[in-house]
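Asker: coordinates only, no sequence provided:
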């Protein structure tokens, strides 16, 4: 009997591996007394800060990432609030990413706890996508004690939908011939690029499910919703030709966060911006990369998206430089005023490989050298011993700040 075409190499095979409630799960792993309790990692309710991650027990109360810690306390009074331990999360992330690269060199990390894999060329050696996905789940649990959800499909969009559909600890396979049927009945909000405002507009036009887009004329959709509508219709048909780009070939490294509720508070937005910049800096250092340009992405409740960029005097992977550049873009370049935001992102671009070449900095040279040495020391200490010191504390006296952490 002939195996199905997808197992014979006639279509791409992409996996999306997503660790389940990663930060919260690591805390439960290290302290089993937390098992079954609503764990909330991030800022404390008594101070300023946001939720970086929430266990599934906390999510049942409505707690979500980027929500203020004070709001999380209101929704979940019995929640266990913990400060993030970025070095510990990075330690386990390196184990997971190293494991994934053992299957294929085509691994594209999206953040510290999720990645795409293109396993199209691995099927004759390792088996069909479902077998590879199952083996990845088994080895992640064996080597870290944590669970991962894996989606397998013919492209990135479908693979991501599949992993989300199976959470937690799931394995969902969407065969190429079933892609359109799988996504057609899903709510329109499940489509990439559709947020609360866009979904309201689409629903007002009678488009409530992803499949409803396919029943509308492309020209009519574009006239009603703009050029973005054509791309949404392609995704609704199950088409997504974006390649899986390994980290070392990436042209940029970024992190972004869509808020559960629009945020207008300037201090809270700075916390999120700092955290995103810190995550980007750690990823650059882990991949031995430096960036010359920092890009800030902001999306407003009306779905208007704005990007602003700043080119640095020298390429860097330093947390302080990237954080300061991102803050400048947020506070001085964006012209945000008091308008709330629904999404914020920080990206490092114009990447260079290798360690910094020793080019002198015109201003604050001694301070910058000290910052870079501290980055290196903290990375080495974390690699060997886990978290002993957080960078935010080291920067507090200099007034540079540092969000609640959570990388």
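Answerer: Here it is on my side, so go on. Being a predicted model, the structure only gives us computed values, none of them experimental. Residues are numbered from 1 along each chain as shown.
Asker: which residues of the stretch 51-200 of the chain score low on pLDDT?
Answerer: Counting by pLDDT under 70, not a single residue of the stretch 51-200 of the chain qualifies.
Asker: going along the chain, name the helices of it.
Answerer: For the stretch 51-200 of the chain, helices defined by DSSP state H, counting those that start in this stretch occupy the ranges 56-59, 69-75, 86-101, 123-126, 129-144, 156-165, 179-183, 196-204.
Asker: which one of those lies closest to residue 42?
Answerer: Among these, helix 69-75 comes nearest to residue 42, with 5.8 Å by CB to CB. (Each C-beta comes from the backbone N, C-alpha and C, glycine too.)
Asker: for that closest one, packing partners?
Answerer: When contacts are defined as 3 or more CB pairs under 8 Å, 6 or more residues apart in numbering; DSSP states H and E, helix 69-75 packs onto strand 39-42, strand 51-54, strand 80-82.
Asker: determine which stretch of those strands is the most buried.
Answerer: Highest mean neighbour count of these: strand 39-42, a mean of 29 (counted as mean count of other CB atoms under 10 Å).
Asker: parallel or antiparallel, list what pairs with it.
Answerer: When pairing is defined by DSSP bridges, strand 39-42 lines up against strand 51-54 (antiparallel), strand 80-82 (parallel).
Asker: need these in JSON lines (columns: distance to residue 234).
Answerer: As requested, these are exported to JSON lines (distance: least, CB to CB, whole Å):
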{"stretch": "strand 51-54", "distance to residue 234": "32"}
{"stretch": "strand 80-82", "distance to residue 234": "41"}
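Asker: my guess is residue 15 meets residue 159, correct?
Answerer: Yes. With contacts counted by CB atoms under 8 Å, residue 15 reaches residue 159, the gap being 6.0 Å.
Asker: list residues touching both of the two?
Answerer: Common contacts of residue 15 and residue 159 (CB atoms under 8 Å, 6 or more residues apart in numbering): 116, 151, 152.
Asker: could I have the buried ones of these as PyMOL selection syntax?
Answerer: Selection of the buried residues among the shared contacts of residue 15 and residue 159 in PyMOL, burial being defined by 16 or more other CB atoms under 10 Å:
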select buried, resi 116+151+152
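Asker: looking at the shared contacts of residue 15 and residue 159, spot the one nearest residue 35.
Answerer: Distances from residue 35 to the shared contacts of residue 15 and residue 159, taken by CB to CB, are shortest for residue 151, at 25.9 Å.
Asker: list the contacts for that closest one?
Answerer: 15-16, 18, 133, 158-166, 171-174.
Asker: please apply the same query to residue 213.
Answerer: Going by CB under 8 Å, 6+ apart, residue 213 touches 188, 191, 207, 221, 232, 233, 236.
Asker: next one: the third one from residue 201, what distance?
Answerer: Okay, so that is residue 207. From residue 207 across to residue 201, the span is 9 Å (CB to CB, to the nearest Å).
Asker: picking that back up, closest one to residue 344 among the helices and strands packed on helix 69-75?
Answerer: Of all the helices and strands packed on helix 69-75, strand 51-54 comes closest under CB to CB, at 13.8 Å.
Asker: now do the closest one: distance to the chain's middle.
Answerer: 13 Å (CA atoms, centre = their mean, to the nearest Å).
Asker: now stretch 65-80
Answerer: Stretch 65-80 sits 21 Å away from the centroid of its parent chain (CA atoms, centre = their mean).
Asker: what does that stretch contact?
Answerer: So stretch 65-80 is contacted by 34, 37-40, 42-45, 47, 49-54, 58, 61-63, 81, 257-261, 263, 265, 268, 272, 404 (CB under 8 Å, 6+ apart).
Asker: buried subset of those?
Answerer: For the contacts of stretch 65-80, buried by 16+ other CB under 10 Å: 34, 37-40, 42-43, 45, 49-54, 58, 61, 63, 81, 257, 259-260, 263, 268, 272, 404.
Asker: strands of the stretch 251-400 of the chain, start to end?
Answerer: For the stretch 251-400 of the chain, applying DSSP state E, counting those that start in this stretch gives strands covering 252-263, 289-299, 305-316, 341-353.
Asker: with distance to residue 215 and mean pLDDT added, can I get those in a markdown table?
Answerer: Formatted as a markdown table, these follow (distance: least, CB to CB, whole Å; pLDDT from 0 to 100):
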| stretch | distance to residue 215 | mean pLDDT |
| --- | --- | --- |
| strand 252-263 | 27 | 86 |
| strand 289-299 | 28 | 91 |
| strand 305-316 | 27 | 86 |
| strand 341-353 | 28 | 89 |
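Asker: how about the ones you listed in a markdown table, adding distance to residue 106?
Answerer: Output for these, formatted as a markdown table (distance: least, CB to CB, whole Å):
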| stretch | distance to residue 106 |
| --- | --- |
| strand 252-263 | 17 |
| strand 289-299 | 18 |
| strand 305-316 | 26 |
| strand 341-353 | 18 |
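Asker: how is the protein divided into domains?
Answerer: Domain assignment for the chain, taken from automatic domain parsing, gives 13-175, 184-236, 250-388.
Asker: wait, which of these is closest to residue 244?
Answerer: Within these, the stretch nearest residue 244 is domain 13-175; the backing value is 3.9 Å (CB to CB).
Asker: centre of the chain to that closest one, how far?
Answerer: In terms of CA atoms, centre = their mean, the centre of domain 13-175 is found 10 Å from the chain centre.
Asker: ok, now stretch 190-199?
Answerer: A distance of 17 Å separates the centroid of the chain from that of stretch 190-199, by CA atoms, centre = their mean.
Asker: for stretch 199-211, same thing?
Answerer: With CA atoms, centre = their mean, you get 26 Å for stretch 199-211.
Asker: contacting residues around that stretch?
Answerer: So stretch 199-211 is contacted by 180, 183-191, 194, 212-213, 216, 224-225, 236 (CB under 8 Å, 6+ apart).
Asker: show the end-to-end separation of it, please.
Answerer: Using CA to CA, to the nearest Å, the end-to-end distance of stretch 199-211 comes out at 14 Å.
Asker: thanks again, I'm all set now.
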